[in-house]
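# pasting the sequence and the predicted model now:
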Protein chains: 2
Amino acid sequence: MNTLYKETDIINIINNEILSYLKKYAGKEMYEPMEYSIKAGGKRFRPMIMLLLCEAFSNNYEDCIPFAVAIECIHTYSLIHDDLPSMDNDELRRGLPTCHIKFDEATAILAGDGLLNIAFEIMLDKIPNDFNKKYLLATKYISDASGTKGMIKGQALDIKYENTSINKEMLLDIYENKTGKLILASMLAGAIIGGANDEQLKLVKNIAYNIGIAFQIKDDILDIEGDEKKIGKPIKSDIKNHKSTYVSIYGLEKAKDDYLLFSSTALKGLEDLGFKEKSIYKYIKKLIYRDN
Amino acid sequence: MNTLYKETDIINIINNEILSYLKKYAGKEMYEPMEYSIKAGGKRFRPMIMLLLCEAFSNNYEDCIPFAVAIECIHTYSLIHDDLPSMDNDELRRGLPTCHIKFDEATAILAGDGLLNIAFEIMLDKIPNDFNKKYLLATKYISDASGTKGMIKGQALDIKYENTSINKEMLLDIYENKTGKLILASMLAGAIIGGANDEQLKLVKNIAYNIGIAFQIKDDILDIEGDEKKIGKPIKSDIKNHKSTYVSIYGLEKAKDDYLLFSSTALKGLEDLGFKEKSIYKYIKKLIYRDN
């Protein structure tokens, strides 16, 4: 039987686990800025989809926890570095001063470096001595996604194309890498630890692709018509920064239509996996109507 | 029989391997700044001691190569980030413009991030599916050393204590972490892949500690009386930056005496391992008299 979750319960579990791993793994010099940035965190979207997908496959998510913590550390590190003055130069994130504003630039760079390193330390410790291939594979999914053929590539393209008018292919290339690859890795890690077979992993890949693009289009829509208080940062920043977005290329109406198309394709994929009654389905469905 | 090496041959092998791994693992957007910083590299000290120590134990260093490449990627990433304006603000490294001068700050941050990530990608790919514990252990040695209880801690302390007068314990704490831990990891990885047992690993730890401190004292001495052309950066930068060093705390003469003491303790350790006729011994001995 499926154990239906309360979203806030799972978020609490994730938050507690992240802090307890951080206490164990972080050197004391860097603890405070790393904890600050982790605590400022939002929806815990990546750990959520990893845990819930693992649970959908195996009725259990415990084995996923180190990888869920690791992916949130990597996500947080990427935000800290992206916010730096030489990158996106953002002073506010989720309603709070960004790491380099709260502390200083050097500290923010090291806190980001530290979180990436800790993510690997945590995952490596889960690859047990009597070796279970699925943990190594999960670690590889995540390390491939966070590197220069994944998230870092996305950020490099994003900076390269700032103030440039780009076409649809270039935009999707940024989206797929900057946020899509880490979402893909979250779902693949959850699935493989949950025991998914190769056929199921293929379906998961397709679902993750659609969720990743949908997620990014939603961000573009919220940047136009979101509530500043709810999203925790000024809206219309993309226009201010002359950034091409799905909305600037296609207009708001088509962006909304396509958002629903990508989202419903993802839901259909979860249905094909037999997960319509599972928490992951309900969570993704709820996310579609998020306003932050 | 020991295969005596030519130092330049091994450096060429290391350089070729690093570039060939980089070509395979780097996304094209970040390839150029990462290659630039890698090519600007110097003595390849960390890969050298790893390969030579592995060879001393096993008459073979081939299995070490991915880890030697990884450690040089991590070392290079740390230099790129340390050179940034908000950190040490260095414009010249080994006689060439630093990464953020040659490119820009955002690119330098991402190139550093990318090299750290690639290091893990390379090591994870060497942990084979049929699992050999020694590769996982080597990966863990390195990830522990590069994190917030190792190299990042050292850099955090270094920045924290800049413009402060510090005592001997604080200085050794910086040295042990900022450079010592990565040197330790290089030697432990080489030793474990070479088949060292627990008793031998203990000796290696002690040797690495002494080499690490000696290495750092030598840098402090060269900053006072080195040849700018040979070391590739302005001398007396520590004085300019009001940085406490072994020389500023103890004076030049005692620094030189202690340098020889740490160095000879390391050599004695290698002798105790039975490596007096091995390349690693000759390499370390030669390094003691380095002038760059």
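Received it, and whenever you're ready, just let me know what you need.

# where does pLDDT dip in the stretch 101-250 of chain A?
A:129-131, A:231 (pLDDT under 70).

# kindly report the residues of it close to chain B.
A:104-107, A:109-110, A:112-114, A:116-118, A:120-121, A:124-125, A:127, A:129, A:131, A:133, A:136, A:139-140, A:143-144, A:146-150, A:152-153, A:155-157, A:159-160 (C-beta under 8 Å from any C-beta of the partner chain). Where you see a C-beta, it was placed from the backbone N, CA and C, and this is true even at glycine.

# for the stretch 51-200 of chain A, what spans make up the strands?
Taking DSSP state E, counting those that start in this stretch, the strands of the stretch 51-200 of chain A run over residues A:92-93, A:96-97.

# returning to that earlier point: pull out the buried members of the residues of the stretch 101-250 of chain A next to chain B.
With burial judged by 16 or more other C-beta atoms under 10 Å in any protein chain shown, the buried subset of these is A:105-107, A:109-110, A:112-114, A:116-118, A:120-121, A:124-125, A:127, A:131, A:136, A:139-140, A:143-144, A:146-150, A:152-153, A:155-157, A:159.

# now go through the residues you listed and say which are in helices.
Counting by DSSP state H, the part of those found in helices is A:105-107, A:109-110, A:112-114, A:116-118, A:120-121, A:124-125, A:136, A:139-140, A:143-144, A:146, A:152-153, A:155-157, A:159.

# test my guess that A:K140 contacts B:L124.
Yes. Applying C-beta atoms under 8 Å as the test, A:K140 and B:L124 come out as touching, 5.3 Å apart.

# hang on, the earlier thing: got a markdown table for the strands of the stretch 51-200 of chain A, with mean pLDDT and distance to chain B too?
Putting the strands of the stretch 51-200 of chain A into a markdown table (pLDDT from 0 to 100; distance: least, C-beta to the nearest C-beta, whole Å) gives the following:
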| stretch | mean pLDDT | distance to chain B |
| --- | --- | --- |
| strand A:92-93 | 89 | 17 |
| strand A:96-97 | 94 | 16 |
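
# now, of those strands, which is deepest in the fold?
Per residue and on average, the most neighbours among the strands of the stretch 51-200 of chain A fall to strand A:92-93, with a mean of 18 (mean count of other C-beta atoms under 10 Å in any protein chain shown).

# walk me through which strands that strand pairs with, and which way each runs.
For strand A:92-93, the paired strands and their directions (DSSP bridges) are strand A:96-97 (antiparallel).

# pull the residues that contact the strand it pairs with.
A:40, A:91, A:102, A:232 (C-beta atoms under 8 Å, 6 or more residues apart in numbering or on different chains).

# same check on stretch A:123-143?
A:66-67, A:70-71, A:74, A:119-120, A:182, A:184-185, A:188-189, A:192-193, A:195, B:117, B:120-121, B:124-125, B:127, B:129, B:131, B:133, B:136, B:139-140, B:143.

# for the contacts of strand A:96-97, which two are the farthest from each other?
Using C-beta to C-beta, the contacts of strand A:96-97 span at most 14.6 Å, a distance reached by A:K102 and A:G232.

# which residues are in contact with A:D227?
With C-beta under 8 Å, 6+ apart, A:D227 has these contacts: A:291-292.

# now do 6 Å
Listed by C-beta atoms under 6 Å, 6 or more residues apart in numbering or on different chains, the contact set of A:D227 is empty.

# A:K168 too?
Contacts of A:K168 by C-beta under 6 Å, 6+ apart are A:I249.

# so how far is chain B from it?
Applying C-beta to the nearest C-beta, to the nearest Å, the value for A:K168 to chain B is 19 Å.

# what do you get for A:A68?
18 Å.

# from A:L188, how far out is that residue?
From A:A68 across to A:L188, the span is 13 Å (C-beta to C-beta, to the nearest Å).

# more neighbours, the two?
A:A68 (29 against 24; other C-beta atoms under 10 Å in any protein chain shown).

# ok, the spatially closest residue to the more buried one that is not a sequence neighbour - contacts?
Setting aside the residues directly before and after it, A:A68 is nearest to A:P47 in space (C-beta to C-beta, 6 or more residues apart in numbering or on different chains), at 3.7 Å. Shown in contact with A:P47 (C-beta under 6 Å, 6+ apart): A:14, A:68, A:72.

# returning to what we had before: quick one: which of the contacts of strand A:96-97 is nearest chain B?
A:K102 (14.4 Å; C-beta to the nearest C-beta).

# how about the nearest residue to A:L84, chain neighbours excluded?
In space, A:L84 is closest to A:H100, 5.8 Å off (C-beta to C-beta, 6+ apart).

# pLDDT score for that neighbour?
Per-residue confidence (pLDDT) for A:H100: 97.

# now swap in A:M1 and tell me
The predicted local confidence for A:M1 is 37.

# what's the longest helix in chain A?
Assigned via DSSP H, chain A shows its longest helix as helix A:198-225.

# that one to helix A:151-160, inter-axis angle?
30 degrees (axes from the mean of the first three to the mean of the last three C-alpha atoms, to 10 degrees).
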